[in-house]
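*Asks:* whatever this is, show me its structure:
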Amino acid sequence: MARSRTYFVATVIMAGVLGGLVLSVGALPAQLLVGYGMSRMAGAELPDDLRNPPVAHRSYLYANDGRTLITSFFAENRQDVPLSAVAPVMRQAIVAAEDGRFYQHSGVDLWGVARALVANTGGDRQGASTLTMQYVRNVRKSDPGLSAAERAAATETTLDRKVREMRYALELERTISKDEILGRYLNIAYFGAGAYGVAAASLRYFSKPPDKLDLPEAALLAGLVQSPDEYDPIDGDADAALARRTYVLDRMAQLDMISAAERDAADLAPPALRPSQQPGNCTTMRPGHDDWGFFCDYLMQWWGSRRRSATPWTNASRRCSGAATASSARSTRPSRPPR
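*Replies:* Numbering: from 1, shown residues only. You can find the predicted model right below:
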């Protein structure tokens with residue numbers, strides 16, 4: 001019942017947030033309150049993609065020794081990692097940046113909704129999405145099992161979409177733990193520069209795994225997810241990225257995640273970027289092995305012909321003159337990490 005009341009009040013307030021208007025509950029027509037709110041008060045059944053998100057992963061192509069990585073194939077540069085493989089400071093930074101009350105609310109933060117309502121009426125534009133709601137949106141907009149229209153509906157600016165998002169967020173938090181949601185969010189969020197998920201972002205910007213991130217690096221990455229293309233410090237606005245890093249550090253200090261001294265020291269630290277480009281498809285090979293691209297093209301043509309003739313992907317190394325072995329999966333974790 002408490003969740004139903006939370007959903008109902010959030011629905012009413014969200015109408016004002018989306019419209020940018022201050023509307024008191026008492027001033028709203030009774031038909032709006034009852035007809036729109038009560039009809040949707042019941043809990044939502046989670047779609048399969050939120051229970052088991054169908055996230056795209058890399059497929060890896062190795063030389064015949066089974067150890068030498070030639071390249072990898074991907075639609076999205078991503079490699080899932082458990083939350084335990086993410087530095088604690090990175091977990092704190094993303095919560096501070098995106099949802100400071102993440103561990104206090106139940107999927108919908110009424111304080112955040114009210115704050116956004118007040119800010120929007122004053123001319124600022126603030127969202128009211130919790131980290132859980134963002135996760136729902138990210139999954140739905142990238143689910144290959146949905147139609148193009150259904151994926152587009154996941155990001156449309158309508159009250160129906162926002163209400164649906166809130167309902168799914170409330171139900172998701174009844175189904176899995178906060179840490180599970182945080183881990184899933186970190187693996188699906190886009191960090192710019194072609195990096196999906198914190199593992200790919202950590203390698204892309206700093207050439208290190210996510211468990212080795214320090215405070216300045218974590219704050220920089222956490223600041224990117226709000227507008228990843230704009231804040232991308234490699235190809236976008238590096239000054240804006242640093243300004244966002246300062247914001248994240250300030251929020252972490254306000255939430256007592258770090259001390260004022262730690263905030264000041266991290267804010268003064270240079271970005272210390274060490275960009276890296278992982279081998280990808282047949283266009284980006286490992287350094288010093290550009291000629292491997294020709295073999296990669298040949299293999300892809302061979303594989304394409306096998307798919308057209310419905311020949312299964314088996315004994316690939318023998319069929320391809322012993323030249324290569326592939327560890328390949330459509331959208332599952334690779335059998336081994338790149339070396």
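
*Asks:* what ranges do the helices span in the stretch 51-200 of the chain?
*Replies:* 88-98, 110-121, 131-142, 148-153, 159-175, 178-188, 198-206 (DSSP state H, counting those that start in this stretch).

*Asks:* between the ones you listed, which gets nearest to D267?
*Replies:* Closest to D267 of the helices of the stretch 51-200 of the chain is helix 88-98 (CB to CB; 13.1 Å). Where you see a C-beta, it was placed from the backbone N, CA and C, and this is true even at glycine.

*Asks:* so what touches the closest one?
*Replies:* Applying CB atoms under 8 Å, 6 or more residues apart in numbering, the external contacts of helix 88-98 come out as 83, 102-103, 131, 134, 182, 185-186, 189, 198, 210, 213-215, 218-219, 221-223, 225-226, 244, 247-248, 251-252, 255, 257-258.

*Asks:* can you check stretch 254-268 too?
*Replies:* 92, 95-96, 100, 215-216, 219, 245-246, 249-250, 252-253.

*Asks:* could you give the mean pLDDT of that stretch?
*Replies:* Averaging pLDDT along stretch 254-268 yields 98.

*Asks:* picking that back up, going by mean pLDDT, which of the helices of the stretch 51-200 of the chain comes out lowest?
*Replies:* helix 110-121 (a mean of 67).

*Asks:* the helices of the stretch 51-200 of the chain: which one's closest to R67?
*Replies:* helix 198-206 (19.4 Å).

*Asks:* ok so, going back, redo the helices of the stretch 51-200 of the chain as a markdown table? Include distance to L46 and mean neighbour count.
*Replies:* Compiled in a markdown table, the helices of the stretch 51-200 of the chain are given as follows (distance: least, CB to CB, whole Å; neighbours: other CB atoms under 10 Å):
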| stretch | distance to L46 | mean neighbour count |
| --- | --- | --- |
| helix 88-98 | 21 | 22 |
| helix 110-121 | 22 | 18 |
| helix 131-142 | 9 | 22 |
| helix 148-153 | 15 | 12 |
| helix 159-175 | 5 | 20 |
| helix 178-188 | 12 | 21 |
| helix 198-206 | 24 | 26 |
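
*Asks:* and these as CSV, adding distance to Y62?
*Replies:* Below are these laid out as CSV (distance: least, CB to CB, whole Å):
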stretch, distance to Y62
helix 88-98, 30
helix 110-121, 47
helix 131-142, 28
helix 148-153, 33
helix 159-175, 37
helix 178-188, 24
helix 198-206, 19
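
*Asks:* those: which one's closest to A63?
*Replies:* That would be helix 198-206 among the helices of the stretch 51-200 of the chain, by CB to CB, at 21.4 Å.

*Asks:* CA-only coordinates of the closest one, as CSV, when you get a sec.
*Replies:* In CSV, the C-alpha atoms belonging to helix 198-206 read as follows (Å, rounded to 0.1, in the frame of the first residue of the first chain):
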residue,chain,number,x,y,z
VAL,A,198,32.3,1.1,-16.6
ALA,A,199,34.8,-1.5,-17.6
ALA,A,200,35.1,-0.3,-21.2
ALA,A,201,35.1,3.3,-20.0
SER,A,202,37.9,2.7,-17.6
LEU,A,203,40.0,1.1,-20.3
ARG,A,204,39.1,3.7,-22.9
TYR,A,205,40.0,6.8,-20.8
PHE,A,206,42.6,5.5,-18.4
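
*Asks:* re earlier: and the contacts of helix 88-98, which of them are buried?
*Replies:* 83, 102, 131, 134, 182, 185-186, 189, 198, 210, 213, 215, 218-219, 221-223, 225, 244, 247-248, 251-252, 257-258 (16 or more other CB atoms under 10 Å).

*Asks:* circling back to that earlier point, of the contacts of stretch 254-268, closest to E173?
*Replies:* V95 (14.6 Å).
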